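**Q** Curious how this folds, go ahead:
(chains A, B and C)
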Amino acid sequence: MTSLGHGSSTCSLEWAQEIGFNSFNKGIDYKKGLFIIDNMKIKSSIPPEEFNGPLNLDITINSGQTSQPAWINEENYFKELLIVNNQPVLVRLSTDEITGAVLMELESNNEFSFKPVMEEIRYIFDLDFNLTLFHEFLKEDPVLAPTIDFCNGLRLFKAHNVFECLISSICSANNSIIRWSRSIGTMRQKWGDSCILPSGRFYTFPTSETILQLPEHEVEEMEMCGGEKNIEECIHNLKACGVGYRGKYMKDAAKMVTERISLHELGQMSYEKAFESLLDLPGVGPKVADCILLYGYGRGEAFPTDIWIKRIISHLYFEGKDVKVDKIREFGQEHFGEYAGYTQLYLFHYARKSGLLDKLKPLKKQ
DNA sequence: ACCCAGGCGTCAG
DNA sequence: CTGACGCCTGGG
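**A** This is a model prediction of the structure:
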């Protein structure tokens, strides 16, 4: 695989492409903030004036309201392996405490172009979203205004791949964050492509073609290998990842998006039509469909309504009455419009940090 | 030490 | 509409 991204259209960072990433051009461009360590390692930054409002990586990554497990937090940065133009790049991110700039360290086994990776980072953390305008929107509603102080720099944590988002979201249903994250990690290790970098071994998420033919449980795995293994040795199946009954959903959904439903076309549809289409996938109900639309496709009008959002909205807007989930979803969409997704994010984080979430927990029977 | 109820969102009945 | 689903958590 050669370095990609050459020939892209004009952009303020065209120089980065021109510098490219080969031994002839090794060097440091201090003025532009691009530091080429060697052929396969770059340090750079996105200055705060190049995105709209602050970014708080910690609360964004750990908001709990996402479609994918958190990036690994190590020392003072967050890291994740991204696939950009089919090329694996290890990304380490932090923010400058003084300036708020996004600091990044990129590492790969091959030459790679800087600009597409930076664009990917901008996309994942929704850096083009105008937080200032959103704050204005929040201030208009006295119920929402208090969320601002609790959510400084909180942004959507978008998925870097729609298929991965779909499978992760199916896995997240009726699940805990810990169990869910562990399952996804296990799946990556078992069936993802392994990528060995100077700083360790990393795994990509398996493709749909891989997932659709995985054995669902140990019995199926044993049958598939012709009974050559003992049942205890059969750990390369979906159930062994701790996904429980969701294994069948994940497998069947992978089959459907490989053979019948185009994830690309889904992205072109109207919100309502895409929502309805997603419901046809096994393991995808209203909550998961909205997660996929919001985090996978960046559809801000989606209002994923889980039990917590239901409780929060009921408390804040319906005097604590037990309103049905689909009514809450409808309310969120109508009331918050294009900001529904962000509002859901802010309300949840606010409720968590302000102690409201604890108050809304149903009373244990004595 | 051990057990078992409770909780999460979707599906099937 | 209700219960089942798998697994982890927390309280007894």
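**Q** which residues in chain A form strands?
**A** A:28-29, A:34-38, A:41-46, A:72-74, A:77-84, A:87-95, A:102-107, A:194-197, A:200-203 (DSSP state E).
**Q** With distance to DNA strand B and mean pLDDT as added columns, please give those strands in JSON lines.
**A** Where C-beta positions appear, they are placed from N, C-alpha and C, glycine not excepted. Listed next are those as JSON lines, based on distance: least, C-beta to the nearest atom of the strand, whole Å; pLDDT from 0 to 100:
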{"stretch": "strand A:28-29", "distance to DNA strand B": "47", "mean pLDDT": "47"}
{"stretch": "strand A:34-38", "distance to DNA strand B": "43", "mean pLDDT": "65"}
{"stretch": "strand A:41-46", "distance to DNA strand B": "33", "mean pLDDT": "90"}
{"stretch": "strand A:72-74", "distance to DNA strand B": "24", "mean pLDDT": "91"}
{"stretch": "strand A:77-84", "distance to DNA strand B": "24", "mean pLDDT": "94"}
{"stretch": "strand A:87-95", "distance to DNA strand B": "28", "mean pLDDT": "94"}
{"stretch": "strand A:102-107", "distance to DNA strand B": "31", "mean pLDDT": "93"}
{"stretch": "strand A:194-197", "distance to DNA strand B": "31", "mean pLDDT": "90"}
{"stretch": "strand A:200-203", "distance to DNA strand B": "26", "mean pLDDT": "92"}
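**Q** Redo the ones you listed as a markdown table? Include distance to residue A:275.
**A** Shown next, in a markdown table, are the strands of chain A (distance: least, C-beta to C-beta, whole Å):
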| stretch | distance to residue A:275 |
| --- | --- |
| strand A:28-29 | 46 |
| strand A:34-38 | 41 |
| strand A:41-46 | 33 |
| strand A:72-74 | 32 |
| strand A:77-84 | 27 |
| strand A:87-95 | 31 |
| strand A:102-107 | 32 |
| strand A:194-197 | 35 |
| strand A:200-203 | 31 |
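**Q** could you dump those to a markdown table with mean neighbour count and distance to residue A:344?
**A** Converted to a markdown table, those look like this (neighbours: other C-beta atoms under 10 Å; distance: least, C-beta to C-beta, whole Å):
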| stretch | mean neighbour count | distance to residue A:344 |
| --- | --- | --- |
| strand A:28-29 | 12 | 41 |
| strand A:34-38 | 16 | 37 |
| strand A:41-46 | 20 | 26 |
| strand A:72-74 | 12 | 24 |
| strand A:77-84 | 20 | 22 |
| strand A:87-95 | 22 | 24 |
| strand A:102-107 | 21 | 24 |
| strand A:194-197 | 14 | 34 |
| strand A:200-203 | 14 | 30 |
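**Q** DNA strand C is nearest to which of the ones you listed?
**A** Nearest of the strands of chain A to DNA strand C, taken as C-beta to the nearest atom of the strand: strand A:72-74 at 17.9 Å.
**Q** now that closest one, how far from the centre of its chain.
**A** With C-alpha atoms, centre = their mean, to the nearest Å as the basis, strand A:72-74 stands 15 Å off its chain's centre.
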